[in-house]
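Undergrad: Take this sequence and fold it.
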Amino acid sequence: MSKNQSHPQQAIGLDVGTSRVVMARRSGEQYAFSSQLNAFVSVPFTRMTENALKRENIPYTAHGTELIVLGNESTRFADLLSVETRRPMTAGTLNPGEKESLSVIRSLIETLNPNAAQEKPQVCFSVPSAPLGADENLTYHEATLRQVLGEMGYQPRSINEGLAVIYSELEDTNYTGIGISCGGGLCNVSLAYLSMPVLSFSIPKAGDFIDTSAAAVTGELATRIRLYKEESFHFNGHFSDKLQQVLAVYYDDMIQALAAAMKEAIGSSRRLPKIGRPVPVVLSGGTTLPQGFRERFEKTLSETEMPLTISEIRIAADPLHTTAKGALVAALTEM
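TA: Numbers count the residues shown, from 1 in each chain. A predicted model of the protein is given here:
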């Protein structure tokens, strides 16, 4: 541990998520996080606009007749122009329909750490699990991110997103339990025993599913739905506001799909060890943030005949940064 503490700058945890790119570092005994929205928007190029972006220190790149506004500020520009933000990733992996995907992700990582080429840090980056029941190959996504990070100066290795949640939050049970990351593109689930992954899977119903479904019903932009959801939505059983009611419907749909998938995956696993004690469940990710989410998930899971006994269900201490923290824990452990 003394080696890790003396060189904290040489290890980085990186959550490359559909919704956000989050970087974690050690700062003394504490963890430090920085993040950017994994999105961008194109605006017409003018010298005036470019100079204004520079003065405001807003990340951007210039492409011919366009300026590409990156990260956190892209939502504000999209709202101003009444357009959807463009996304480098979809459903947890690189977006094949977006030619700017790799350049945007690279630029976002550079804004979070411009000194990688000089420091050559070890980085552990998150990768999703394949969807339950799907024969989906995630090799291209993982290998491409590994290549990009290597070209930027990092020494990269990967970690499963759900397992990263376990590394972040379940030290008190010796890394035995279930980690769930409910992000933008996917809900990732991992079950581990003594830090060893037993099974991992994902479902494609997550934050983006809720946003696009609610947008289709209400006729509103998905970007605005997301902003409203993050600022105002909560579970309370009765909604006078139509958008609250619509969001509750799709949140419930996602939670029920997640509970059913957990029952199916754990029940059909041939590798399930005899753990011998109830296991905890930790929920993380931006989609878990609304008030009442944990209670709604716990109620749904209690009505599902799970093959494992659950000891507790809790929200991660820092849901938006959990995956990046777990990736950093893995990177430090390997140093």
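Undergrad: Can you report how many residues neighbour Leu80?
TA: 10 (other CB atoms under 10 Å). C-betas here are computed from N, CA, C, even on glycine.
Undergrad: Ramachandran coordinates for it?
TA: phi -60, psi -40 (degrees, to the nearest 10).
Undergrad: cool, Thr304 as well?
TA: Phi and psi for Thr304, reported as degrees, to the nearest 10, are phi -110, psi 130.
Undergrad: what is the rounded mean pLDDT of stretch 82-94?
TA: Averaging the model's pLDDT scores along stretch 82-94 yields 92.
Undergrad: now what about that stretch, what contacts it?
TA: Applying CB atoms under 8 Å, 6 or more residues apart in numbering, the contact partners of stretch 82-94 are 16-18, 37-42, 74-75, 78, 95, 97-98, 100-102, 104-105, 128, 138, 140-141, 144-145, 183, 185-186, 188, 202, 204, 208, 221-223.
Undergrad: do that again at 7 Å, thanks
TA: For stretch 82-94, the surrounding residues in contact (CB atoms under 7 Å, 6 or more residues apart in numbering) are 18, 38-41, 74-75, 78, 95, 98, 100-101, 104-105, 128, 138, 141, 144, 185-186, 202, 204, 221-223.
Undergrad: Let me see the contact set for Ala260.
TA: Thr304.
Undergrad: what about it, which SS state?
TA: helix (DSSP: H, G, I helix; E, B strand; the rest coil).
Undergrad: now swap in Val249 and tell me
TA: For Val249, the assignment made with three-state DSSP gives helix.
Undergrad: And for the one 4 residues further on?
TA: Assigned with three-state DSSP, Asp253 falls in the helix class.
Undergrad: Thr65 reaches Val43, doesn't it?
TA: No - the criterion here is CB atoms under 7 Å, and Thr65 misses it with Val43 at 10.3 Å.
Undergrad: Looking at the two, which is more packed in?
TA: Between Thr65 and Val43, counted using other CB under 10 Å, Val43 has the larger neighbour count: 19 against 9.
Undergrad: For the stretch 101-250 of the chain, which segments are assigned as helices?
TA: Taking DSSP state H, counting those that start in this stretch as the test, the helices found in the stretch 101-250 of the chain are 101-112, 116-119, 139-151, 161-169, 207-218, 222-232, 242-268.
Undergrad: filter the contacts of stretch 82-94 to the buried ones?
TA: 18, 38-41, 74-75, 78, 95, 100-101, 104-105, 128, 138, 141, 185-186, 202, 204, 221-223 (16 or more other CB atoms under 10 Å).
Undergrad: Show me the residues you listed that map onto strands.
TA: Of the buried ones among the contacts of stretch 82-94, the ones assigned to strands by DSSP state E are 40-41, 202.
Undergrad: out of those residues, which one sits closest to Lys229?
TA: Val41 (19.2 Å; CB to CB).
Undergrad: Return the residues in contact with the closest one.
TA: Taking CB under 7 Å, 6+ apart as the contact definition, Val41 lies against 69, 74, 77-78, 83, 85-86.
Undergrad: again, only using 8 Å
TA: With CB under 8 Å, 6+ apart, Val41 has these contacts: 68-69, 74, 77-78, 81, 83, 85-86.
Undergrad: what stretches of the chain score poorly on pLDDT?
TA: Filtered on pLDDT under 70, the chain yields the residue ranges 1-9, 135, 237-239.
Undergrad: Show me the domain layout of it.
TA: Residue ranges of the domains in the chain are recorded as 39-86, 167-315, according to automatic domain parsing.
Undergrad: what about the first one, how long is it end to end?
TA: Using CA to CA, to the nearest Å, one end of domain 39-86 lies 6 Å from the other.
Undergrad: what's the answer for stretch 308-322, then?
TA: Distance between the boundary residues of stretch 308-322 (CA to CA) amounts to 24 Å.
Undergrad: Which among the helices of the stretch 101-250 of the chain is found nearest to Lys325?
TA: Using CB to CB, the helices of the stretch 101-250 of the chain put helix 161-169 closest to Lys325, at 4.4 Å.
Undergrad: is it true that Tyr60 touches Ser74?
TA: No - if you go by CB atoms under 8 Å, Tyr60 and Ser74 don't touch, sitting 9.5 Å apart.
Undergrad: Now do the shared contacts for those two.
TA: By CB under 8 Å, 6+ apart, no residue touches both Tyr60 and Ser74.
Undergrad: circling back: Lys299: which of the helices of the stretch 101-250 of the chain is closest?
TA: Lys299 lies closest, by CB to CB, to one member of the helices of the stretch 101-250 of the chain: helix 242-268, at 9.0 Å.
Undergrad: Now do that closest one: distance to the chain's middle.
TA: 18 Å (CA atoms, centre = their mean, to the nearest Å).
Undergrad: again with stretch 304-314
TA: 23 Å.
Undergrad: got it, and stretch 25-35?
TA: 18 Å.
Undergrad: Can you tell me what sits against it?
TA: With CB under 8 Å, 6+ apart as the test, stretch 25-35 has contacts from 4-5, 8-9, 11-13, 20-24, 72, 112, 318, 320-321, 324-325, 328, 332.
Undergrad: Just the buried residues out of the contacts of Val41, in ChimeraX syntax.
TA: What follows is the ChimeraX syntax selecting those of the contacts of Val41 that are buried according to 16+ other CB under 10 Å:
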select :68,69,74,77,78,85,86
